[in-house]
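Student: Need the 3D shape of this:
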Amino acid sequence: MTVQQVHVRKDELTNAALVEVDNGELASGAVRLEIESFSVTANNITYAVVGDGFGYWNFFPAPEGSGIVPMWGHAKVAQSNSEDFAVGERVYGYLPMATHLDVIPGNVSAGSFIDTTDYRQPMSPVYNQYSRLAADPEHDASKEAERMIYGPLFKTGFIIDYFMRNNQWFGAEQVILTSASSKTAMGLASVAQQNSPNVKRVGLTSPGNVEFVESTGLYDKVCSYDEVAMLSLLPAVVVDFAGNAGLLAKIHEHFSDALKYSCLVGATHIEERGEGGMRADRGLPGPKPTLFFAPDHFVSFFKEHDPADGGAMIAKTWHGFLGAVDGSVKIEKHSGLEAARTTYLEMVGGHVDPAKGIVIEP
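Tutor: Below you'll find the predicted structure:
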């Protein structure tokens, strides 16, 4: 069977090609998923930027030197060699920028399964779990687009707040969020608003996005990047979603010892991340920037809370977040995998309006 995929050059992220490949015969016990929809967000750009360091390129094989950027979305069973799955069943989870994906289900329950395909096993199990929509308590047919656009990003925000609260926010009275228009930053701001109301939320964004960020109501204060020197010197933590080394240096230099923790999460401004990327230690004043890898924190979270209790904690803040952002992002749907390729390239170039949520239907 011939399927379409988008292959990205690992050493040149602006080089992406739409290709056709032979998917071969479906293996015994395997299920072939036809991808119905996925979102393209800044989160996917981060997967590409740190793909080699964190194994994101390893989830979906591609020719040497190329990779397939992972997406979050919905799919339906197109062919099944598993007695547990019938053609037509719908699932939600980690998908390639492609039209189809073969999985080998394991740990099958009414509500979920794990892809046990051999090449995926070295990576975090968080990415290998799929929800079966017919018995998925998070699924809302009217909010499928919102789940794809916000869901994974929101959960990263949730687990950052959980980590910070477990550490009493390192004694900080405010949290500085860069790339405040990004959906991950909005997720953290919402969860902190709900669970950590005594910590002031300060959003930093580009001048052109200030009005949009203010309109969300998620931040106590919104400033443009050129106003860092005007920020209050109350004890602070910074959560850097932008990956802009120059901006992070300005924040460290402004706060110095008043900065209690420096958390590196994403890389929405990849052209300015600097040599060494998010891992760089530049001898900045204040705490050493520390990379935050959400899947590892979720593994710890679910060791502390069983799936039902942990899921309920996430769901409570998720519904609060949906209420807060309702109407703040206009959802756009585009058909065809070529639309995914062009949208990805626009995002790499930083040319996508944060007030838009883009869904691709391959």
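Student: quick one: residue 103 and residue 31 touch, right?
Tutor: Yes: with contact defined as C-beta atoms under 8 Å, residue 103 and residue 31 form a contacting pair (5.4 Å). Heads up, the C-betas are built off the backbone N, CA and C, glycines and all.
Student: how far is the helix or strand bottoming out on mean pLDDT in the chain from where the chain is centred?
Tutor: Confidence across the helices and strands of the chain bottoms out at helix 51-54, with a mean of 78, counting by mean pLDDT, DSSP states H and E. Centre-to-centre, helix 51-54 and its host chain are 15 Å apart (C-alpha atoms, centre = their mean, to the nearest Å).
Student: So what touches that helix?
Tutor: With C-beta atoms under 8 Å, 6 or more residues apart in numbering as the test, helix 51-54 has contacts from 10, 57, 67, 69, 279, 293.
Student: in its sheet, what does the helix or strand following that helix sit against?
Tutor: Counting by DSSP states H and E, the next helix or strand C-terminal to helix 51-54 is strand 66-67. Under the criterion DSSP bridges, strand 66-67 sits next to strand 2-9 (antiparallel) in its sheet.
Student: Can you point out the buried residues in the partner strand?
Tutor: For strand 2-9, the neighbour count (16 or more other C-beta atoms under 10 Å) marks 3, 4, 5, 6, 7, 8 as buried.
Student: of the contacts of helix 51-54, buried ones?
Tutor: The buried subset of the contacts of helix 51-54 (16+ other C-beta under 10 Å) comprises 10, 57, 67, 69.
Student: In CSV: the residues you listed, plus distance to residue 261 and pLDDT.
Tutor: CSV is the format used below for the buried ones among the contacts of helix 51-54 (distance: C-beta to C-beta, whole Å; pLDDT from 0 to 100):
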residue, distance to residue 261, pLDDT
10, 31, 93
57, 30, 93
67, 32, 95
69, 30, 95
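Student: rewinding a little: farthest pair in the contacts of helix 51-54?
Tutor: Farthest-apart pair in these is 69 and 279; separation 20.3 Å (C-beta to C-beta).
Student: Other residues contacting stretch 206-214?
Tutor: Counting by C-beta under 8 Å, 6+ apart, 180-181, 203, 205, 219, 222-226, 328, 354-355 sit against stretch 206-214.
Student: can you tell me which of these are in strands?
Tutor: 203, 205, 222, 223, 224 (DSSP state E).
Student: neighbour-wise, which of those residues leads?
Tutor: Using other C-beta atoms under 10 Å as the neighbour criterion, residue 203 leads the ones in strands among the contacts of stretch 206-214 with 27 neighbours.
Student: Please verify my assumption that that one contacts residue 222.
Tutor: Yes: contact criterion C-beta under 8 Å: residue 203 and residue 222 qualify, at 4.6 Å.
Student: got any ranges where the stretch 201-350 of the chain has weak pLDDT?
Tutor: 266-282 (pLDDT under 70).
Student: do the stretch 51-200 of the chain as well
Tutor: For the stretch 51-200 of the chain (pLDDT under 70), the answer is none.
Student: ok, which stretches of it are helices?
Tutor: Ranges of helices within the stretch 51-200 of the chain are 51-54, 144-166, 183-195, based on DSSP state H, counting those that start in this stretch.
Student: Among these, which comes closest to residue 23?
Tutor: Of all the helices of the stretch 51-200 of the chain, helix 51-54 comes closest under C-beta to C-beta, at 22.4 Å.
Student: Going by residue numbers, what spans are strands in the stretch 251-362 of the chain?
Tutor: Secondary structure of the stretch 251-362 of the chain (DSSP state E, counting those that start in this stretch): strands at 259-264, 290-291, 330-335, 356-361.
Student: Any chance of JSON lines for those strands, columns distance to residue 127?
Tutor: Listed next are those as JSON lines, based on distance: least, C-beta to C-beta, whole Å:
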{"stretch": "strand 259-264", "distance to residue 127": "20"}
{"stretch": "strand 290-291", "distance to residue 127": "17"}
{"stretch": "strand 330-335", "distance to residue 127": "24"}
{"stretch": "strand 356-361", "distance to residue 127": "19"}
